[in-house]
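J.: Need coordinates for the following:
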Amino acid sequence: MTVIRAAITQAEWTGDEESMVVKHEGLAREAAAQGANIVCFQELFHGPYFGIVEDAKYYEYAQSVPGPLTERFAAIAKELGIVIVLPVYEEQMAGLYYNTAAVIDADGSYLGKYRKNHIPDVDRFWEKFYFRPGNLGYPVFDTAVGKVGVYICYDRHFPEGWRELGLNGAEIVFNPSATKPGLSNRLWELEQPAAAAANQYFVAANNRIGTESGEFGDKAVTFYGSSYFADPRGNYVGEVASTDTEEIVVRDLDLDLVRTVRNDWQFYRDRRPDSYDAIPAR
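T.: Here you go, the predicted model:
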């Protein structure tokens with residue numbers, strides 16, 4: 001039996017970047033103190049969710065990956081012996097930005113990054129103003145705790161990427177998000193467990209909490225937390241987190257269940273890419 005202890009966080013915006021980073025340093029330490037081997041923070045963890053508006057001042061949050069922020073958390077990962085999935089605003093060069101997650105191994109080494117592939121452009125999710133669509137595919141990282149993939153927020157509405165991560169060998173996929181009430185509520189309950197079952201791996205879904213009215217006034221939305229883990233059968237692992245309280249959700253995941261479920265249901269054997277005419281075959 002290969003059991004790992006995984007953690008996801010849901011946190012409220014503090015009002016400035018440095019205190020937000022310090023808060024998450026503390027969350028990493030608390031996760032490690034609870035025995036976690038891996039922790040993932042929420043989408044764009046070091047700032048507000050600025051997709052609420054279109055304002056070039058928020059480009060100032062973007063930074064190189066790897067760079068100072070990833071190095072700061074690499075030191076913590078090494079100290080604590082914990083894998084960290086770090087969702088950040090990435091600057092490749094001036095004027096070229098991505099919604100990114102860096103993956104840092106338990107020895108502090110930088111393993112690589114995922115860039116969000118699907119970029120929304122709807123009311124108070126004006127992300128095309130800030131991000132270019134990802135161009136690194138769907139990498140899976142061979143970490144100290146297993147094979148880890150990342151799929152960020154709006155990505156979750158697209159089943160093709162979930163399947164790519166499965167084909168690339170993922171055992172657990174983290175889906176850090178910034179999700180508000182409305183059309184998304186029912187999808188939040190459905191999509192990640194369905195993806196976990198269809199692709200036969202664990203999914204960890206975490207969301208922000210709070211209303212960032214100090215930043216965006218009456219345009220602010222209220223993020224509803226409700227972070228959770230789903231297993232390869234599509235079941236919740238433990239309880240779903242609260243809608244309005246900062247939490248570290250820590251769960252034990254038996255990665256052997258991935259092999260068991262894939263042997264029970266031979267979805268990868270029985271899929272027919274040659275018959276999916278509207279989808280490029282793989």
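J.: what's the pLDDT at residue 8?
T.: Here the pLDDT value assigned to residue 8 is 98.
J.: now stretch 11-30: mean pLDDT?
T.: 98.
J.: can you list contacts of it?
T.: Identification of contacts with stretch 11-30 by Cβ atoms under 8 Å, 6 or more residues apart in numbering yields 9, 39, 41-42, 45-49, 61, 69, 72-73, 76-77, 80, 82, 84, 208-210, 212, 214-215, 246, 248. Using the backbone N, CA and C atoms, a C-beta is placed for each residue, glycine as well.
J.: can you pull out the helices in this protein?
T.: Ranges of helices in the chain, per DSSP state H, are 17-33, 68-80, 159-167, 184-199, 213-216, 256-264, 267-270.
J.: which stretch among those comes nearest residue 54?
T.: Nearest to residue 54, of all those, is helix 213-216, at 11.7 Å by Cβ to Cβ.
J.: quick revisit: buried only: go through the contacts of stretch 11-30 for me.
T.: 9, 39, 41-42, 45-49, 61, 69, 73, 76-77, 80, 82, 84, 208-210, 212, 215, 248 (16 or more other Cβ atoms under 10 Å).
J.: For the lengthiest strand in the chain, buried residues please.
T.: Assignment by DSSP state E gives strand 83-93 as the longest strand of the chain. Of all the residues in strand 83-93, those buried under the rule 16+ other Cβ under 10 Å are 83, 84, 85, 86, 87, 88, 89, 90, 91.
J.: Pretty sure the fourth one sits against residue 72.
T.: No. In this structure, residue 86 is not within contact of residue 72 by Cβ atoms under 8 Å, at 9.5 Å.
J.: Which residue, other than its chain neighbours, is closest to residue 173?
T.: residue 149 (4.2 Å; Cβ to Cβ, 6 or more residues apart in numbering).
J.: Taking the centroid of this protein, which residue is nearest it?
T.: Nearest residue to the geometric centre of the chain (Cα atoms, centre = their mean): residue 176, 2.7 Å.
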